[in-house]
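> need a 3D model of the following:
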Amino acid sequence: MNTSHFKKLERMYLQANVNTMLFNPTTCKINEGVAEIGLTISEKYFHALGAIHGSVYFKLLDDACFFAVNSLVEDVFVLTTSFNINLIRPVSSGSIKAVGKVKFLSKDLFVAEASLFNSEGKEIGFGTGNFAKSKIVLSEEIGYK
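Residues are numbered from 1 along each chain as shown. Okay, the predicted model is just below:
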């Protein structure tokens, strides 16, 4: 288990422009084959009906799966090749947490799944994604430091 790799991935995630400018995640914990991403709910994420837009569900589920996979790949950045989500219930207050884990891996394909939970621990959504290795080296230039 390479904890240095996990910490570099956590820093890379938390310092990404999309997170520092738009999402401000509260939690990013990465371990071998698993990742947890947390977010405090804000009205800026709401659609017209006063609950979180599905794009926020997607982002957190994809991020949790992505980093669960990249925890197992120490040389290059992985890419999401497909992702399916299921929205179970709306949420409009508190915090949410996505927990992702790798379910399958081979030389060229990784499959991960994640569940999204509200503050009370109720599942509000889940997703499954396919991931592949890219040719982008994990380096300081992309925030891996």
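> check which residues of stretch 116-123 are buried.
116-118 (16 or more other Cβ atoms under 10 Å). Glycine gets a C-beta too; all of them are placed from N, C-alpha and C.
> can you give me the strands for this protein?
For the chain, strands defined by DSSP state E occupy the ranges 27-31, 34-40, 76-87, 95-105, 110-117, 123-137.
> what lines up beside the third one in the sheet?
Okay, so that is strand 76-87. strand 123-137 (antiparallel) (DSSP bridges).
> let me know the angle separating the strand it pairs with from strand 110-117.
Angle, strand 123-137 to strand 110-117, by axes from the mean of the first three to the mean of the last three Cα atoms, to 10 degrees: 140 degrees.
> just the pLDDT for Asn2.
Asn2 is assigned 88 on the pLDDT scale.
> and it, its phi and psi?
phi -100, psi 90 (degrees, to the nearest 10).
> same question for Pro25.
phi -60, psi 150.
> make sure it is actually in contact with Asn19.
Yes. At 5.6 Å, Pro25 counts as touching Asn19 under the criterion of Cβ atoms under 8 Å.
> how about the residue positioned nearest the centre of the chain, nearest residue that isn't a chain neighbour?
With distances taken as Cα atoms, centre = their mean, the residue of the chain nearest its centroid is Asp63 (1.7 Å). Nearest residue to Asp63, sequence neighbours excluded (Cβ to Cβ, 6 or more residues apart in numbering): Ile37, at 5.0 Å.
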